[in-house]
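Participant: Here is my input; please provide its structure:
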Amino acid sequence: MKSVLFKLLLTCFISTSLMAQDWNTLVTFTPASTLKDIYWVNESTAYAVGSMYNGTALNVKKTTDGGITWEEQFTGNTEMNYYEIDSPNNGEDVFIVGNYGILIYTNDGGENWNNLDIGTTEHLRDIFFLSNLIGFICGDGATVLKTVDGGMTWINLNAVMTGVNTIGKICFLNEDRGFIGGFNFMQETFDGGLTWTYVPGFEPVAGELFQIQDIQFLNDNVGYVSGDVGLFYKTEDGAETWIDKQVVIPDYLTESLFSFKFLDSDPNIGFACGYYGLLIRTYDAGDTWELMSSDIPGTNTPGGPTFHALDFFGNKGLMAGSGGKISGYEYTTTSTSEFNTTHNSISIYPNPVKDLLTFTGYENMIDEIQVIDINGKVCKVIYHPSNNNIQCDDLLNGKYILRIISEKTISHKLFIKN
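Facilitator: Numbers count the residues shown, from 1 in each chain. Sure, this is the predicted structure:
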(Lines give C-alpha, C1' and ligand atoms only; values in the text may rest on other atoms or scores of the structure.)
Protein backbone atom coordinates (compact mmCIF):
# COMPACT_ATOMS: atom_id res chain seq x y z
CA MET A 1 0.00 0.00 0.00
CA LYS A 2 1.29 3.41 -0.99
CA SER A 3 0.26 6.18 1.38
CA VAL A 4 0.98 9.80 2.14
CA LEU A 5 0.60 10.88 5.76
CA PHE A 6 -0.68 14.41 6.28
CA LYS A 7 0.45 15.94 9.56
CA LEU A 8 -1.90 18.55 10.94
CA LEU A 9 -1.30 21.33 13.41
CA LEU A 10 -4.71 20.72 14.95
CA THR A 11 -4.42 18.45 17.95
CA CYS A 12 -8.11 17.93 18.64
CA PHE A 13 -11.52 18.96 17.41
CA ILE A 14 -12.17 21.15 20.43
CA SER A 15 -9.80 23.70 18.97
CA THR A 16 -12.51 24.62 16.47
CA SER A 17 -14.58 26.12 19.26
CA LEU A 18 -11.74 28.52 20.01
CA MET A 19 -11.57 29.78 16.42
CA ALA A 20 -13.84 32.15 14.56
CA GLN A 21 -15.35 29.51 12.31
CA ASP A 22 -17.70 26.62 13.03
CA TRP A 23 -16.05 24.22 10.54
CA ASN A 24 -12.28 24.24 10.07
CA THR A 25 -10.12 22.56 7.44
CA LEU A 26 -8.33 19.47 8.73
CA VAL A 27 -6.53 18.49 5.52
CA THR A 28 -6.28 19.49 1.88
CA PHE A 29 -5.27 16.69 -0.48
CA THR A 30 -3.12 17.28 -3.55
CA PRO A 31 -4.17 16.87 -6.29
CA ALA A 32 -7.39 18.47 -5.10
CA SER A 33 -9.86 15.70 -5.83
CA THR A 34 -13.59 16.07 -5.30
CA LEU A 35 -14.59 14.05 -2.24
CA LYS A 36 -18.09 12.55 -2.56
CA ASP A 37 -18.64 10.73 0.74
CA ILE A 38 -17.30 10.57 4.28
CA TYR A 39 -18.09 7.84 6.80
CA TRP A 40 -17.35 7.39 10.49
CA VAL A 41 -16.61 3.79 11.53
CA ASN A 42 -16.02 4.53 15.22
CA GLU A 43 -14.85 7.41 17.40
CA SER A 44 -11.35 7.34 15.92
CA THR A 45 -11.68 5.86 12.42
CA ALA A 46 -13.29 7.36 9.34
CA TYR A 47 -13.02 7.00 5.55
CA ALA A 48 -13.56 9.45 2.70
CA VAL A 49 -13.77 8.74 -1.04
CA GLY A 50 -13.93 10.74 -4.22
CA SER A 51 -12.83 11.06 -7.79
CA MET A 52 -9.41 11.06 -9.43
CA TYR A 53 -8.80 11.60 -13.13
CA ASN A 54 -5.04 12.07 -13.29
CA GLY A 55 -4.00 8.44 -13.22
CA THR A 56 -3.67 7.98 -9.47
CA ALA A 57 -5.41 5.27 -7.48
CA LEU A 58 -5.05 7.07 -4.14
CA ASN A 59 -8.69 8.08 -3.81
CA VAL A 60 -9.58 6.46 -0.50
CA LYS A 61 -8.67 8.56 2.54
CA LYS A 62 -8.53 7.25 6.11
CA THR A 63 -8.00 8.60 9.61
CA THR A 64 -7.45 6.53 12.74
CA ASP A 65 -7.09 9.39 15.21
CA GLY A 66 -10.42 11.17 14.84
CA GLY A 67 -9.37 13.36 11.93
CA ILE A 68 -6.06 14.73 13.17
CA THR A 69 -3.99 12.88 10.56
CA TRP A 70 -5.00 11.22 7.28
CA GLU A 71 -3.49 8.75 4.84
CA GLU A 72 -4.36 7.94 1.22
CA GLN A 73 -4.87 4.29 0.34
CA PHE A 74 -4.14 2.44 -2.89
CA THR A 75 -7.20 0.68 -4.31
CA GLY A 76 -5.83 -0.62 -7.60
CA ASN A 77 -8.41 1.28 -9.67
CA THR A 78 -6.93 4.29 -11.45
CA GLU A 79 -8.92 7.35 -12.50
CA MET A 80 -11.91 6.01 -10.59
CA ASN A 81 -14.94 7.94 -9.37
CA TYR A 82 -16.09 6.47 -6.06
CA TYR A 83 -19.43 7.59 -4.64
CA GLU A 84 -20.47 6.01 -1.35
CA ILE A 85 -19.13 4.03 1.63
CA ASP A 86 -20.93 1.71 4.03
CA SER A 87 -20.24 -1.18 6.37
CA PRO A 88 -22.50 -4.01 7.55
CA ASN A 89 -20.56 -4.66 10.75
CA ASN A 90 -19.19 -1.44 12.25
CA GLY A 91 -16.13 -1.28 10.03
CA GLU A 92 -14.93 -4.86 10.13
CA ASP A 93 -15.76 -4.95 6.41
CA VAL A 94 -15.97 -1.66 4.49
CA PHE A 95 -17.52 -1.40 1.01
CA ILE A 96 -17.24 1.39 -1.58
CA VAL A 97 -19.17 1.72 -4.87
CA GLY A 98 -18.01 3.53 -8.01
CA ASN A 99 -18.21 3.83 -11.77
CA TYR A 100 -18.30 0.92 -14.24
CA GLY A 101 -19.82 -1.53 -11.76
CA ILE A 102 -16.88 -1.23 -9.37
CA LEU A 103 -17.45 -2.51 -5.83
CA ILE A 104 -14.39 -2.72 -3.58
CA TYR A 105 -14.11 -3.90 0.00
CA THR A 106 -11.53 -4.29 2.73
CA ASN A 107 -11.49 -6.48 5.81
CA ASP A 108 -8.10 -5.33 7.08
CA GLY A 109 -8.60 -1.61 7.55
CA GLY A 110 -7.60 -0.74 3.99
CA GLU A 111 -4.26 -2.47 3.86
CA ASN A 112 -5.75 -4.34 0.93
CA TRP A 113 -8.76 -3.40 -1.19
CA ASN A 114 -10.44 -6.13 -3.25
CA ASN A 115 -12.63 -5.83 -6.33
CA LEU A 116 -15.85 -7.84 -6.28
CA ASP A 117 -17.39 -8.96 -9.57
CA ILE A 118 -21.10 -8.23 -9.19
CA GLY A 119 -22.17 -8.74 -12.79
CA THR A 120 -22.77 -5.18 -13.96
CA THR A 121 -20.81 -2.37 -15.60
CA GLU A 122 -23.32 0.34 -14.72
CA HIS A 123 -22.13 3.25 -12.61
CA LEU A 124 -23.03 2.46 -8.99
CA ARG A 125 -24.22 5.46 -6.97
CA ASP A 126 -25.15 4.30 -3.46
CA ILE A 127 -24.77 1.38 -1.05
CA PHE A 128 -26.92 0.74 2.00
CA PHE A 129 -26.67 -2.04 4.58
CA LEU A 130 -29.84 -2.83 6.49
CA SER A 131 -28.12 -5.38 8.75
CA ASN A 132 -24.88 -7.33 8.99
CA LEU A 133 -26.15 -9.60 6.20
CA ILE A 134 -28.66 -7.67 4.09
CA GLY A 135 -27.67 -4.76 1.87
CA PHE A 136 -28.61 -2.95 -1.34
CA ILE A 137 -26.81 -1.08 -4.13
CA CYS A 138 -28.35 1.25 -6.71
CA GLY A 139 -27.04 2.91 -9.84
CA ASP A 140 -27.52 3.77 -13.48
CA GLY A 141 -29.73 1.76 -15.78
CA ALA A 142 -32.34 1.39 -12.99
CA THR A 143 -29.93 -1.00 -11.28
CA VAL A 144 -30.87 -2.44 -7.88
CA LEU A 145 -28.64 -5.15 -6.36
CA LYS A 146 -29.09 -7.10 -3.12
CA THR A 147 -26.83 -9.12 -0.83
CA VAL A 148 -27.88 -11.54 1.89
CA ASP A 149 -24.39 -12.58 2.99
CA GLY A 150 -22.88 -9.32 4.18
CA GLY A 151 -21.74 -8.09 0.77
CA MET A 152 -19.69 -11.02 -0.49
CA THR A 153 -22.17 -11.87 -3.29
CA TRP A 154 -24.81 -9.71 -4.97
CA ILE A 155 -27.83 -10.47 -7.15
CA ASN A 156 -29.46 -8.13 -9.64
CA LEU A 157 -33.13 -7.85 -8.68
CA ASN A 158 -34.06 -6.80 -12.24
CA ALA A 159 -36.43 -4.42 -10.53
CA VAL A 160 -39.65 -3.40 -12.24
CA MET A 161 -40.07 0.38 -12.25
CA THR A 162 -41.28 3.14 -14.56
CA GLY A 163 -39.66 6.45 -15.48
CA VAL A 164 -36.32 5.66 -13.82
CA ASN A 165 -32.80 5.46 -15.20
CA THR A 166 -30.16 6.71 -12.76
CA ILE A 167 -30.88 5.93 -9.11
CA GLY A 168 -28.82 8.14 -6.85
CA LYS A 169 -30.00 7.08 -3.38
CA ILE A 170 -31.37 3.93 -1.77
CA CYS A 171 -32.62 3.34 1.76
CA PHE A 172 -34.62 0.56 3.42
CA LEU A 173 -36.73 0.54 6.58
CA ASN A 174 -36.87 -3.24 6.69
CA GLU A 175 -36.27 -6.07 4.24
CA ASP A 176 -39.55 -5.34 2.42
CA ARG A 177 -40.00 -1.56 2.60
CA GLY A 178 -37.49 0.65 0.83
CA PHE A 179 -37.01 3.89 -1.10
CA ILE A 180 -35.00 5.08 -4.08
CA GLY A 181 -34.51 8.62 -5.32
CA GLY A 182 -33.07 10.45 -8.27
CA PHE A 183 -33.88 13.05 -10.88
CA ASN A 184 -37.59 13.91 -10.74
CA PHE A 185 -38.67 10.92 -8.66
CA MET A 186 -38.81 9.10 -5.38
CA GLN A 187 -40.21 5.59 -5.48
CA GLU A 188 -40.98 2.96 -2.86
CA THR A 189 -41.13 -0.82 -2.69
CA PHE A 190 -43.15 -3.12 -0.47
CA ASP A 191 -41.66 -6.39 -1.73
CA GLY A 192 -37.96 -6.05 -1.04
CA GLY A 193 -37.07 -4.14 -4.19
CA LEU A 194 -38.68 -6.28 -6.88
CA THR A 195 -41.28 -3.69 -7.86
CA TRP A 196 -41.32 0.06 -7.35
CA THR A 197 -44.01 2.77 -7.53
CA TYR A 198 -43.94 6.54 -7.08
CA VAL A 199 -44.21 7.86 -3.54
CA PRO A 200 -47.35 10.04 -3.49
CA GLY A 201 -46.26 13.65 -3.91
CA PHE A 202 -42.96 12.76 -5.57
CA GLU A 203 -44.19 11.96 -9.07
CA PRO A 204 -42.84 13.87 -12.08
CA VAL A 205 -44.87 17.00 -12.78
CA ALA A 206 -44.73 18.86 -16.10
CA GLY A 207 -42.60 21.98 -15.75
CA GLU A 208 -41.29 21.06 -12.29
CA LEU A 209 -37.84 19.54 -11.81
CA PHE A 210 -36.24 18.25 -8.64
CA GLN A 211 -33.58 15.77 -7.62
CA ILE A 212 -33.48 13.63 -4.49
CA GLN A 213 -30.00 13.89 -2.97
CA ASP A 214 -30.27 12.09 0.38
CA ILE A 215 -32.67 9.73 2.20
CA GLN A 216 -32.21 8.81 5.86
CA PHE A 217 -34.30 7.33 8.66
CA LEU A 218 -33.49 7.97 12.32
CA ASN A 219 -35.72 5.10 13.45
CA ASP A 220 -38.70 3.08 12.21
CA ASN A 221 -40.93 6.16 12.23
CA VAL A 222 -38.87 9.31 11.64
CA GLY A 223 -37.11 9.92 8.34
CA TYR A 224 -36.01 12.76 6.08
CA VAL A 225 -35.47 13.40 2.37
CA SER A 226 -33.40 16.26 0.97
CA GLY A 227 -32.75 17.53 -2.52
CA ASP A 228 -32.61 20.44 -4.92
CA VAL A 229 -33.85 24.00 -4.29
CA GLY A 230 -34.13 23.48 -0.56
CA LEU A 231 -36.25 20.35 -0.86
CA PHE A 232 -36.64 18.80 2.59
CA TYR A 233 -39.38 16.40 3.66
CA LYS A 234 -40.01 14.62 6.95
CA THR A 235 -42.06 11.59 7.93
CA GLU A 236 -43.10 10.78 11.47
CA ASP A 237 -45.19 7.68 10.73
CA GLY A 238 -42.83 5.30 8.99
CA ALA A 239 -43.18 6.93 5.57
CA GLU A 240 -46.96 6.65 5.40
CA THR A 241 -47.09 10.43 4.94
CA TRP A 242 -44.47 13.09 4.23
CA ILE A 243 -44.46 16.67 5.54
CA ASP A 244 -43.04 19.42 3.33
CA LYS A 245 -40.43 21.34 5.34
CA GLN A 246 -38.62 23.19 2.58
CA VAL A 247 -35.43 24.74 3.91
CA VAL A 248 -35.76 28.50 3.95
CA ILE A 249 -32.81 30.57 5.16
CA PRO A 250 -33.65 34.26 5.69
CA ASP A 251 -31.51 36.54 3.55
CA TYR A 252 -30.00 33.59 1.65
CA LEU A 253 -30.58 31.63 -1.53
CA THR A 254 -32.36 28.30 -1.49
CA GLU A 255 -29.85 25.69 -2.67
CA SER A 256 -29.46 21.94 -3.07
CA LEU A 257 -28.95 19.89 0.09
CA PHE A 258 -26.58 17.06 -0.77
CA SER A 259 -26.15 15.54 2.70
CA PHE A 260 -27.58 15.87 6.21
CA LYS A 261 -27.10 14.26 9.61
CA PHE A 262 -28.99 14.42 12.92
CA LEU A 263 -27.20 13.76 16.20
CA ASP A 264 -27.86 10.43 17.90
CA SER A 265 -27.70 12.20 21.26
CA ASP A 266 -30.40 14.72 20.27
CA PRO A 267 -32.40 14.07 17.07
CA ASN A 268 -33.64 17.67 17.11
CA ILE A 269 -30.13 18.87 16.26
CA GLY A 270 -29.09 18.38 12.65
CA PHE A 271 -26.59 19.61 10.09
CA ALA A 272 -26.71 19.83 6.30
CA CYS A 273 -24.42 20.86 3.46
CA GLY A 274 -24.67 21.33 -0.27
CA TYR A 275 -24.25 23.48 -3.34
CA TYR A 276 -22.78 27.02 -3.29
CA GLY A 277 -21.02 26.18 -0.04
CA LEU A 278 -24.34 25.79 1.75
CA LEU A 279 -23.64 24.90 5.38
CA ILE A 280 -26.53 24.98 7.85
CA ARG A 281 -27.88 23.55 11.12
CA THR A 282 -31.23 23.07 12.82
CA TYR A 283 -32.16 22.84 16.47
CA ASP A 284 -35.83 21.97 15.98
CA ALA A 285 -35.79 18.77 13.89
CA GLY A 286 -35.71 20.58 10.57
CA ASP A 287 -38.45 23.16 11.09
CA THR A 288 -35.99 26.04 10.78
CA TRP A 289 -32.33 26.38 9.86
CA GLU A 290 -29.49 28.85 10.32
CA LEU A 291 -26.22 29.34 8.48
CA MET A 292 -22.91 27.98 9.76
CA SER A 293 -19.44 29.29 8.99
CA SER A 294 -16.22 27.67 7.80
CA ASP A 295 -12.68 28.74 6.99
CA ILE A 296 -13.17 27.75 3.33
CA PRO A 297 -13.56 30.84 1.13
CA GLY A 298 -16.97 31.13 -0.52
CA THR A 299 -18.95 29.25 2.13
CA ASN A 300 -22.64 30.21 1.83
CA THR A 301 -21.86 32.36 -1.20
CA PRO A 302 -23.18 32.03 -4.77
CA GLY A 303 -20.37 30.49 -6.79
CA GLY A 304 -18.77 29.05 -3.67
CA PRO A 305 -17.47 25.51 -3.15
CA THR A 306 -19.62 22.39 -3.12
CA PHE A 307 -19.88 20.40 0.11
CA HIS A 308 -20.91 16.88 -0.86
CA ALA A 309 -21.11 14.95 2.40
CA LEU A 310 -20.96 15.17 6.17
CA ASP A 311 -21.16 12.62 8.96
CA PHE A 312 -21.13 12.67 12.77
CA PHE A 313 -19.95 10.24 15.40
CA GLY A 314 -21.22 11.47 18.73
CA ASN A 315 -20.73 15.24 18.62
CA LYS A 316 -17.79 15.17 16.19
CA GLY A 317 -18.45 16.04 12.58
CA LEU A 318 -16.48 15.53 9.39
CA MET A 319 -17.34 17.14 6.06
CA ALA A 320 -15.94 16.57 2.55
CA GLY A 321 -16.36 18.29 -0.78
CA SER A 322 -14.60 20.02 -3.63
CA GLY A 323 -10.99 21.13 -3.51
CA GLY A 324 -9.79 17.96 -1.78
CA LYS A 325 -10.70 19.37 1.63
CA ILE A 326 -11.94 17.61 4.75
CA SER A 327 -13.28 19.82 7.54
CA GLY A 328 -14.01 19.16 11.20
CA TYR A 329 -16.50 20.51 13.72
CA GLU A 330 -17.47 19.57 17.27
CA TYR A 331 -20.92 20.38 18.56
CA THR A 332 -20.94 21.67 22.13
CA THR A 333 -23.54 23.52 24.17
CA THR A 334 -21.48 26.67 23.70
CA SER A 335 -21.92 26.28 19.94
CA THR A 336 -25.50 27.50 20.36
CA SER A 337 -24.94 30.46 22.68
CA GLU A 338 -26.17 32.86 20.03
CA PHE A 339 -29.23 30.69 19.41
CA ASN A 340 -29.96 29.64 22.97
CA THR A 341 -33.52 28.46 23.29
CA THR A 342 -35.49 25.24 23.42
CA HIS A 343 -37.21 25.57 20.08
CA ASN A 344 -39.58 22.66 20.44
CA SER A 345 -41.08 24.26 23.56
CA ILE A 346 -42.74 26.81 21.26
CA SER A 347 -46.06 25.82 19.71
CA ILE A 348 -47.98 27.63 17.00
CA TYR A 349 -51.60 27.10 15.94
CA PRO A 350 -53.46 26.78 13.74
CA ASN A 351 -50.96 25.67 11.12
CA PRO A 352 -51.83 26.18 8.29
CA VAL A 353 -53.36 29.48 9.36
CA LYS A 354 -55.98 31.64 7.65
CA ASP A 355 -56.42 34.71 9.86
CA LEU A 356 -54.90 34.64 13.36
CA LEU A 357 -51.72 32.76 14.35
CA THR A 358 -51.08 32.11 18.05
CA PHE A 359 -47.84 30.96 19.66
CA THR A 360 -47.26 29.60 23.16
CA GLY A 361 -44.34 28.36 25.24
CA TYR A 362 -42.07 31.41 24.98
CA GLU A 363 -41.04 32.50 28.48
CA ASN A 364 -38.66 35.41 27.75
CA MET A 365 -39.72 39.00 27.26
CA ILE A 366 -40.06 39.51 23.50
CA ASP A 367 -38.36 42.46 21.83
CA GLU A 368 -39.47 41.81 18.28
CA ILE A 369 -41.49 39.43 16.11
CA GLN A 370 -40.81 39.05 12.38
CA VAL A 371 -42.73 37.21 9.69
CA ILE A 372 -40.40 36.23 6.81
CA ASP A 373 -41.44 34.81 3.45
CA ILE A 374 -39.79 32.01 1.47
CA ASN A 375 -37.50 34.48 -0.33
CA GLY A 376 -36.16 35.90 2.92
CA LYS A 377 -38.21 39.11 2.77
CA VAL A 378 -39.43 40.46 6.11
CA CYS A 379 -43.17 40.92 5.55
CA LYS A 380 -44.26 41.96 9.03
CA VAL A 381 -42.55 43.33 12.15
CA ILE A 382 -44.10 43.68 15.59
CA TYR A 383 -42.06 45.46 18.28
CA HIS A 384 -42.65 44.58 21.95
CA PRO A 385 -45.87 42.65 21.27
CA SER A 386 -48.60 42.90 23.87
CA ASN A 387 -49.91 39.38 23.23
CA ASN A 388 -49.07 36.11 21.49
CA ASN A 389 -51.21 36.65 18.40
CA ILE A 390 -50.12 37.58 14.87
CA GLN A 391 -52.66 38.73 12.30
CA CYS A 392 -52.05 36.87 9.03
CA ASP A 393 -55.05 37.69 6.86
CA ASP A 394 -52.97 40.31 4.99
CA LEU A 395 -50.31 37.75 3.97
CA LEU A 396 -50.28 36.00 0.61
CA ASN A 397 -50.73 32.25 0.66
CA GLY A 398 -47.43 30.38 1.07
CA LYS A 399 -44.70 29.38 3.53
CA TYR A 400 -43.38 31.76 6.18
CA ILE A 401 -40.97 31.77 9.12
CA LEU A 402 -42.04 33.21 12.45
CA ARG A 403 -38.94 34.70 14.09
CA ILE A 404 -39.18 35.63 17.79
CA ILE A 405 -36.35 37.79 19.14
CA SER A 406 -35.51 38.55 22.76
CA GLU A 407 -32.37 39.95 24.39
CA LYS A 408 -30.64 36.55 24.56
CA THR A 409 -32.52 34.21 22.26
CA ILE A 410 -33.81 33.92 18.71
CA SER A 411 -36.45 31.32 17.90
CA HIS A 412 -37.94 30.23 14.58
CA LYS A 413 -41.03 28.33 13.54
CA LEU A 414 -42.24 27.47 10.06
CA PHE A 415 -45.92 28.04 9.22
CA ILE A 416 -48.15 28.02 6.16
CA LYS A 417 -50.70 30.71 5.25
CA ASN A 418 -53.73 29.37 3.36
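Participant: okay, now residue 90: neighbour count?
Facilitator: Residues near residue 90, counting by other C-beta atoms under 10 Å, number 11. Where C-beta positions appear, they are placed from N, C-alpha and C, glycine not excepted.
Participant: how close does it get to residue 183?
Facilitator: Using C-beta to C-beta, to the nearest Å, residue 90 is found at 33 Å from residue 183.
Participant: cool, and residue 76?
Facilitator: 31 Å.
Participant: So for these two, which sits in the more crowded spot?
Facilitator: residue 183 (16 against 11).
Participant: Show me what the strand or helix carrying residue 224 pairs with in its sheet, parallel or antiparallel.
Facilitator: Under the criterion of DSSP states H and E, residue 224 resides in strand 223-227. Note on strand 223-227: by DSSP bridges, its sheet partners are strand 212-217 (antiparallel), strand 232-235 (antiparallel).
Participant: possible to save those strands as TSV with distance to residue 331 and mean pLDDT?
Facilitator: Shown next, in TSV, are the strands paired with strand 223-227 (distance: least, C-beta to C-beta, whole Å; pLDDT from 0 to 100):
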stretch	distance to residue 331	mean pLDDT
strand 212-217	18	97
strand 232-235	20	96
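Participant: Highest mean neighbour count out of those strands?
Facilitator: Mean neighbour count, computed with mean count of other C-beta atoms under 10 Å, is highest for strand 212-217 among the strands paired with strand 223-227, reaching a mean of 21.
Participant: and that one, how far from the chain's centre?
Facilitator: Its chain's average C-alpha position is 7 Å from that of strand 212-217, according to C-alpha atoms, centre = their mean, to the nearest Å.
Participant: Give me the contacts around it.
Facilitator: With contacts defined as C-beta atoms under 8 Å, 6 or more residues apart in numbering, strand 212-217 is touched by 168-171, 173, 179, 181-182, 185-186, 202, 223-228, 231, 239, 256-262, 274.
Participant: Among those residues, which lie within strands?
Facilitator: Counting by DSSP state E, the contacts of strand 212-217 place 168-171, 179, 181-182, 185-186, 223-227, 257-262, 274 in strands.
Participant: would you list every one of the strands in the stretch 251-400 of the chain?
Facilitator: Counting by DSSP state E, counting those that start in this stretch, the stretch 251-400 of the chain has these strands, from start to end: 257-262, 270-274, 279-282, 290-291, 307-313, 316-321, 325-330, 347-349, 356-360, 366-373, 378-383, 389-391, 398-406.
Participant: out of those strands, which comes closest to residue 36?
Facilitator: Taking C-beta to C-beta, strand 307-313 is the member of those nearest to residue 36, at 5.1 Å.
Participant: could the strands paired with strand 223-227 go into CSV alongside distance to residue 81?
Facilitator: Putting the strands paired with strand 223-227 into CSV (distance: least, C-beta to C-beta, whole Å) gives the following:
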stretch, distance to residue 81
strand 212-217, 17
strand 232-235, 27
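Participant: low-scoring stretches of the stretch 301-418 of the chain, by residue?
Facilitator: Confidence mapping of the stretch 301-418 of the chain against pLDDT under 70 gives the ranges 333-345, 363, 374-376, 408.
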